[in-house]
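**Q** got a predicted model here, sequence first, then my questions.
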Amino acid sequence: MRAIPLTVTALAAALLLTACNGGGSKSESKNSSACEIGGVSVQIGSASVAPKAGDTGEIPVSITNQSKPCTLDHFAGVVLNAGGTKADVPTLKGAKAQKLKLAKGDSASFTIGYVRGKAGDKTGVDAKTVTISLPGSPGARSFPWSYGPVAAQAGGSGPDASVSAFQQVGD
């Protein structure tokens, strides 16, 4: 009779430990929530502007966490807005997203690369603003686009532009 209560006790202890482990991962997921656009400062840095049609330009975008610790897990969403038309900017071919955890005050950056188009070209995007969103966050912020028209990709399947992966800034 003594063996049965010990077996039951061991089984109950194993189930209890399993339940504790599951609870631990739930609290971890709460602490690793997505960064929200309202909880970060976003700055578009000094660009390497494409001076004429066919040239490439790069626009660095910095994000600094201003609130509780959060996670960037995937790519930023970038949309070029030209009046009533919108064009999603695809991720850079071959780029691999990395999961970055940002404590309050930590920063990350990514780059928007583009090929300048010809003024008045109907196949390109004569962008007036760029809208940036963070992965896993519903909000977005718009900024003026002063880098000229963006050329169309070969085949006309969107703008000839790309978004790089997030990189940790600093230590």
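**A** Cool, the structure landed.
**Q** the nearest residue to Gly57 once chain neighbours are set aside is in what secondary structure piece?
**A** Of all residues not flanking Gly57 in the chain, Ala50 sits nearest, at 3.5 Å (C-beta to C-beta, 6 or more residues apart in numbering). (Glycine included, C-beta is placed from N, CA and C.) Under the assignment given by DSSP states H and E, Ala50 is not contained in any helix or strand.
**Q** tell me where the model's unsure across this protein.
**A** Low-confidence segments of the chain, defined by pLDDT under 70, span residues 1-32, 171.
**Q** residue nearest the middle of it, spatially speaking?
**A** Residue closest to the mean C-alpha point of the chain, counted by C-alpha atoms, centre = their mean, is Ala76 at 2.4 Å.
**Q** ok, which stretches of the protein are strands?
**A** For the chain, the strands identified by DSSP state E occupy 40-44, 56-65, 70-73, 77-82, 85-88, 99-102, 107-115, 129-133, 140-144, 161-163, 167-169, in order along the chain.
**Q** what's the angle between the first one and strand 129-133?
**A** It refers to strand 40-44. Inter-element angle recorded for strand 40-44 and strand 129-133: 150 degrees (by axes from the mean of the first three to the mean of the last three C-alpha atoms, to 10 degrees).
**Q** what is strand 40-44 packed up against?
**A** On a contact count with 3 or more C-beta pairs under 8 Å, 6 or more residues apart in numbering; DSSP states H and E, strand 40-44 meets strand 56-65, strand 140-144.
**Q** returning to what we had before: thought the residue nearest to Gly57 was touching Pro149?
**A** No. Using C-beta atoms under 8 Å, Ala50 and Pro149 do not qualify as a contacting pair, with a distance of 9.9 Å.
**Q** name the residues contacting each of the two.
**A** Counting by C-beta atoms under 8 Å, 6 or more residues apart in numbering, the contacts common to Ala50 and Pro149 are Arg116.
**Q** please tell me how far the closest residue to Arg116 other than its chain neighbours sits from Gly156.
**A** For Arg116, ignoring the flanking residues on the chain, the nearest one in space by C-beta to C-beta, 6+ apart is Ala50 at 3.6 Å. When distance is defined by C-beta to C-beta, to the nearest Å, Ala50 is 19 Å away from Gly156.
**Q** looking at the two, which is more packed in?
**A** For the pair Ala50 and Gly156, the greater number of neighbours falls to Ala50 (21 against 8), based on other C-beta atoms under 10 Å.
**Q** residue contacts, that one?
**A** Per C-beta under 8 Å, 6+ apart, neighbours of Ala50: Thr56, Gly57, Tyr114, Val115, Arg116, Tyr147, Gly148.
**Q** out of the residues you listed, the closest to Leu80 would be?
**A** Using C-beta to C-beta, Tyr114 comes nearest to Leu80 of those, at 8.6 Å.
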